[in-house]
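Visitor: no sequence on this one, just coordinates:
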């Protein structure tokens with residue numbers, strides 16, 4: 001085990017054998033807080049020799065500042081940062097389910113209701129980013145992380161947006177020009193900047209395009225655009241010139257309408273973030289009616305911190321089917337509010353109240 005002697009306190013240790021992943025500029029390890037052994041963390045380690053050689057230093061500080069600004073339930077939480085002899089270290093929240101990319105590899109395709117749950121959670125952080133004029137610039141399943149409140153129940157999970165290494169808070173022009181990100185998820189305006197010497201400013205609508213690619217991938221289990229000859233140039237040209245993806249969602253017109261509005265090659269024609277948040281797919285204008293929310297006598301479970309099961313029946317308007325799901329949670333006196341919030345978040349209960 002090695003200590004991470006950060007600027008603030010030398011309380012974090014990590015094991016080099018517990019490598020969780022690595023990218024172009026950094027490696028991520030599981031990490032412990034010596035003052036709180038139950039706290040699960042990770043440390044992202046960037047070689048100091050790579051800073052300003054392969055990785056601009058401003059990207060590093062932008063990543064840290066943006067994580068601090070977001071700090072919400074559905075973004076990966078920042079804890080601490082600092083230098084050791086050869087590395088710059090960023091200590092962050094650990095997510096026990098790896099990434100959405102891993103979940104896609106396991107499930108292959110997702111139902112419309114599952115996609116809505118994922119988007120509703122991500123929208124919490126997207127709204128903060130929109131208000132603060134933050135653009136992610138590398139939205140993809142690999143950068144969306146999964147955390148299971150109960151590791152023994154894989155049917156309920158939180159999604160958290162992370163890896164803000166390419167993120168940027170836009171200035172007064174609300175635009176930027178640097179062509180960064182992952183090609184298959186990149187917007188046409190970013191790809192045009194890769195192909196051309198003349199750089200065209202783009203804005204946060206490029207993130208919406210990337211989100212559209214993720215939605216399409218979740219539903220169909222494939223990408224909306226592909227290369228004709230396995231070359232990046234062919235992929236870029238297809239994304240820029242192909243007006244709409246080939247497949248349509250037939251069992252949910254609202255989700256298909258949302259994708260149609262996202263997959264506009266010209267940013268001016270593409271849906272805005274505010275209109276995206278208000279889109280009818282998210283049922284903002286149609287209040288859902290929830291009934292038959294059961295009450296429970298938890299008894300000794302409060303004392304023993306044992307797992308218990310609860311059943312919640314949800315009855316929606318518009319003659320939709322009654323949805324019944326089972327949820328397992330670890331419950332104790334001190335986190336009864338967290339339990340209540342978890343149920344609300346999982347079922348999108350908005351502000352409806354129910355008693356335990």
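Guide: That came in fine, so what should we check first? Owing to the predicted nature of the structure, the values given are computational and were not obtained by experimental measurement.
Visitor: Please parse this protein into its domains.
Guide: 2-93, 100-282, 287-356 (automatic domain parsing).
Visitor: Which of the ones you listed has the lowest mean pLDDT?
Guide: Note on the domains of the chain: lowest mean pLDDT is at domain 287-356, with a mean of 38.
Visitor: where along the stretch 1-150 of the chain do the helices fall?
Guide: Here the stretch 1-150 of the chain has its helices, by DSSP state H, counting those that start in this stretch, at 57-70, 100-107, 112-131.
Visitor: Quick check on the closest residue to residue 242 other than its chain neighbours: phi, psi?
Guide: Residue nearest to residue 242 in three dimensions, not counting chain neighbours: residue 225, with 6.1 Å by Cβ to Cβ, 6 or more residues apart in numbering. C-beta here means a position set from N, CA and C on the backbone, and glycine is covered the same way. Backbone torsions of residue 225, given as degrees, to the nearest 10, read phi -130, psi 140.
Visitor: For burial, what's the neighbour tally of residue 225?
Guide: 20 (other Cβ atoms under 10 Å).
Visitor: Equivalent analysis for residue 16, please.
Guide: 10.
Visitor: my guess is it meets residue 29, correct?
Guide: Yes: look at residue 16 against residue 29 with Cβ atoms under 8 Å: they come within range, at 6.8 Å.
Visitor: Pairing partners for the residue most central in space within the chain in the sheet, please.
Guide: Nearest to the mean C-alpha position of the chain, by Cα atoms, centre = their mean, lies residue 161 at 2.9 Å. Beta bridges link residue 161 to residue 75, residue 144 when assigned by DSSP bridges.
Visitor: show me what contacts it?
Guide: The contact partners of residue 161, taken as Cβ atoms under 8 Å, 6 or more residues apart in numbering, are 70, 74-76, 122, 125-126, 136, 139, 143-145.
Visitor: can you check residue 247 too?
Guide: 216, 220, 224 are the contacts of residue 247 under Cβ under 8 Å, 6+ apart.
Visitor: For residue 39, which of the helices of the stretch 1-150 of the chain is the nearest?
Guide: Closest of the helices of the stretch 1-150 of the chain to residue 39 is helix 57-70, at 17.0 Å (criterion: Cβ to Cβ).
Visitor: Show me what the closest one packs onto, helices and strands only.
Guide: Taking 3 or more Cβ pairs under 8 Å, 6 or more residues apart in numbering; DSSP states H and E as contact, the helices and strands that helix 57-70 lies on are strand 78-83, strand 87-93, helix 112-131, strand 134-135, strand 168-169.
Visitor: Name the residues of the longest one that come out as buried.
Guide: Okay, so that is helix 112-131. Within helix 112-131, the residues scored as buried using 16 or more other Cβ atoms under 10 Å are 112, 115-126, 128-130.
Visitor: so what does it touch, helix or strand wise?
Guide: helix 57-70, strand 158-161, helix 205-220, helix 273-277.
Visitor: any idea how far it is from the chain center?
Guide: 8 Å (Cα atoms, centre = their mean, to the nearest Å).
Visitor: Helix 57-70 and that one, what's the angle between them?
Guide: 110 degrees (axes from the mean of the first three to the mean of the last three Cα atoms, to 10 degrees).
Visitor: got the contact list for helix 112-131?
Guide: Helix 112-131 is contacted by residues 69-70, 72-75, 100, 110, 134-136, 144, 158-161, 204, 207, 211, 215, 218-219, 249, 251-252, 255, 273-274, 277, 281-282, 345-346, 348 when judged by Cβ under 8 Å, 6+ apart.
Visitor: Count the residues that sit near the residue nearest to residue 180 when sequence neighbours are not counted.
Guide: Of all residues not flanking residue 180 in the chain, residue 166 sits nearest, at 4.6 Å (Cβ to Cβ, 6+ apart). Other residues within reach of residue 166, judged by other Cβ under 10 Å, total 18.
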